[in-house]
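Asker: predicted model, plus sequence, below.
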Amino acid sequence: MLPSRSAVWAMYVSHMFNEIYLFIHLALIPVFITEFELTLFQVSFVATVPTLIGIIMNIMIGFLVDRIGARPLLILGFICQALGGIIVAESWSFETLIFGLSFIGIANPLYHNSGLSTISRILSGQKLTRGAGIHAAAGSIGSSIGLFTLSLLLAFNRWRLTYLIWAVPTLAWALFLTRTRVLDQDKPGRKQTRDDGEGGSVVSRPFAFFLILVGLTQAGSSVITTFMTTYMVLGRGISEATASLIFTAGPLISIVGSLFSGYVGSWMGDVRILFVTIGITGLSAILIPVMPTTSLLTIMFVCFAFFSCTVWPPINSLTARLTPTEKRGLAYSLSQTTYQATSALAPPVAARLIETTSMSMMFPFSFMLMLAGVVFLKRLPMK
């Protein structure tokens, strides 16, 4: 296998490990409410604070990727992730829980800015769209593994072990990255494959429009992702273990959704596939609360999860198409910052809305945000 291809596959595996903890804290929100005696508004900061920490780190990390390469930042990210997992596993208060989750929040931009910029510099055109689909699928595999582990351990009331168990292979992967040579070609100054002209500003008019639609659609998606298990437990009377298992179906189906989006988008076009997937995601969101049975609710949530994940291959591909090659680290940091900022703000706003109305109000709120994103997508100037 060529070194560049090996680097791409190393990023796929890295993405899998990076996403292990991605949804676990969200699935545990009902548990945190009980164990740490929290209100819904307080527990919303379980999702918000780690994301805000990532936002603060994001732009700096984007600059560093363009200057020192991916390897050192990837290694640092996995060390932070493992340390965060250990702290969460040993947390004795809400403050120490947030402290541990913040380390995991730091690991997220350290990986995504490094991994996505590496892939986009090696692949281009249709190969990039397909590669972005495989990359997203690898992340879904990781988050599915984490949630499946949690579902098994929740049955024994041992949720903390989930974080502790996965800290070990995460550290092992960090050690592997220190010894492998497959990332040597990502050193600064090396000529990379590209599909656009060099030079120019990162934040062009098309990219600014693009960032707005990313922020709106991902804010809408994050509301449901954050409070779905809470809705199932408090709004529908489903047990915590069952709610976690249903929630696990989301990342599992996302594996197929990401591959579908990557391969279909490679011939359908990034803008068209993004329009279709955002539209169906919004429609699925507003239909979830009207499902009369747990089985139908599960089916509609799986539909939502399938299409909500399919946005990432075209989003990552469009980020590369709309920005200069030599500034990809900064470009992906801006994309991730926008996504994380709106995803951090949306849950507390939704929590206040839920507390003053009902749990079901989060679904039309999510739908309206995604509808606004579709409007910006229709106005996206590609040139």
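Answerer: Sure, I can see it.

Asker: distance of Thr294 from Ser91?
Answerer: 31 Å (Cβ to Cβ, to the nearest Å). To be clear about C-beta, it is placed using only N, CA and C from the backbone, and glycine gets the same treatment.

Asker: where does this structure have low pLDDT?
Answerer: 1-3, 182-202, 382-383 (pLDDT under 70).

Asker: which element is Leu83 on?
Answerer: If you go by DSSP states H and E, Leu83 is part of helix 71-89.

Asker: how about the next helix or strand after that helix: buried residues?
Answerer: Downstream of helix 71-89, the first helix or strand assigned by DSSP H and E is helix 94-122. Neighbour counts using 16 or more other Cβ atoms under 10 Å place 94, 97-122 of helix 94-122 among the buried residues.

Asker: Thr294 and Ser91 - which one has more neighbours?
Answerer: More crowded of Thr294 and Ser91, by other Cβ atoms under 10 Å: Ser91, with 20 against 15.

Asker: Ser254 is in contact with Ala305, isn't it?
Answerer: Yes. At 5.8 Å, Ser254 and Ala305 qualify as touching, with contact defined as Cβ atoms under 8 Å.

Asker: and the gap between the closest residue to Ala70 other than its chain neighbours and Phe78?
Answerer: Once flanking residues are discounted, Ala70 sits nearest to Ser114: 3.9 Å by Cβ to Cβ, 6 or more residues apart in numbering. According to Cβ to Cβ, Ser114 and Phe78 sit 11 Å apart.

Asker: over to Leu345?
Answerer: Counting by Cβ to Cβ, the gap from Leu345 to Phe78 is 28 Å.

Asker: which of the three states applies to Phe176?
Answerer: Classification of Phe176 by DSSP: H, G, I helix; E, B strand; the rest coil places it in helix.

Asker: next, count neighbours for Arg130.
Answerer: 21.

Asker: just the one 4 residues further on next, same as before
Answerer: When counting by other Cβ under 10 Å, one arrives at 20 neighbours for Ile134.

Asker: ok, it - contacts?
Answerer: Neighbouring residues of Ile134 by Cβ atoms under 8 Å, 6 or more residues apart in numbering: 12, 258-259, 262.

Asker: ok, Leu152 next?
Answerer: Here Leu152 is in contact with no residue (Cβ under 8 Å, 6+ apart).

Asker: hmm, try it at 10 Å
Answerer: Counting by Cβ atoms under 10 Å, 6 or more residues apart in numbering, Leu152 touches 158, 161-162, 241, 244-245.

Asker: my guess is Ile273 contacts Thr129, does it?
Answerer: Yes. Shown here, Ile273 and Thr129 form a contact pair, counting by Cβ atoms under 10 Å, at 8.6 Å.

Asker: which residues do the two both contact?
Answerer: 261-262, 264-267, 313-314, 317.

Asker: among those residues, name the buried ones.
Answerer: 261-262, 264-266, 313-314, 317.

Asker: contact partners for Ile255?
Answerer: Counted by Cβ under 10 Å, 6+ apart, Ile255 has contacts 136-144, 306, 309.

Asker: measure the residue lying closest to it once chain neighbours are set aside to Ile278 for me?
Answerer: Counting by Cβ to Cβ, 6+ apart, the nearest residue to Ile255 once its immediate chain neighbours are dropped is Ser140, at 4.4 Å. Ser140 is 18 Å from Ile278, where distance means Cβ to Cβ.

Asker: what of Ala10?
Answerer: 31 Å.

Asker: which one of the two has more residues nearby?
Answerer: Shown here are Ala10 and Ile278; by other Cβ under 10 Å, Ile278 has more neighbours (25 against 22).

Asker: so that one touches Phe304, yeah?
Answerer: No. Using Cβ under 10 Å, Ile278 is not in contact with Phe304, being 11.8 Å away.

Asker: now the common contact residues for the two.
Answerer: Ser221.

Asker: relative to Tyr332, how far out is Thr323?
Answerer: Distance, Thr323 to Tyr332, by Cβ to Cβ: 8 Å.

Asker: with Leu147 instead?
Answerer: In this view, Leu147 and Tyr332 are 25 Å apart by Cβ to Cβ.

Asker: try Ala372
Answerer: Relative to Tyr332, Ala372 is positioned 23 Å away (Cβ to Cβ).

Asker: so the two - more neighbours on which side?
Answerer: Taking neighbours as other Cβ under 10 Å, Ala372 and Tyr332 compare with Tyr332 leading, 28 against 18.

Asker: residue contacts, the closest residue to the more buried one other than its chain neighbours?
Answerer: Closest residue in space to Tyr332, ignoring its immediate chain neighbours: Leu116 at 4.6 Å, by Cβ to Cβ, 6+ apart. Residues near Leu116 by Cβ under 10 Å, 6+ apart: 11, 15, 65, 70, 132, 135, 312, 316, 319-320, 328-329, 331-333, 335-336.

Asker: what of Leu377?
Answerer: 209-210, 212-214, 216-217, 271-272, 274-275, 278-279, 318.

Asker: what of Ile75?
Answerer: Ile75 touches 110, 114, 173-178, 183, counting by Cβ under 10 Å, 6+ apart.
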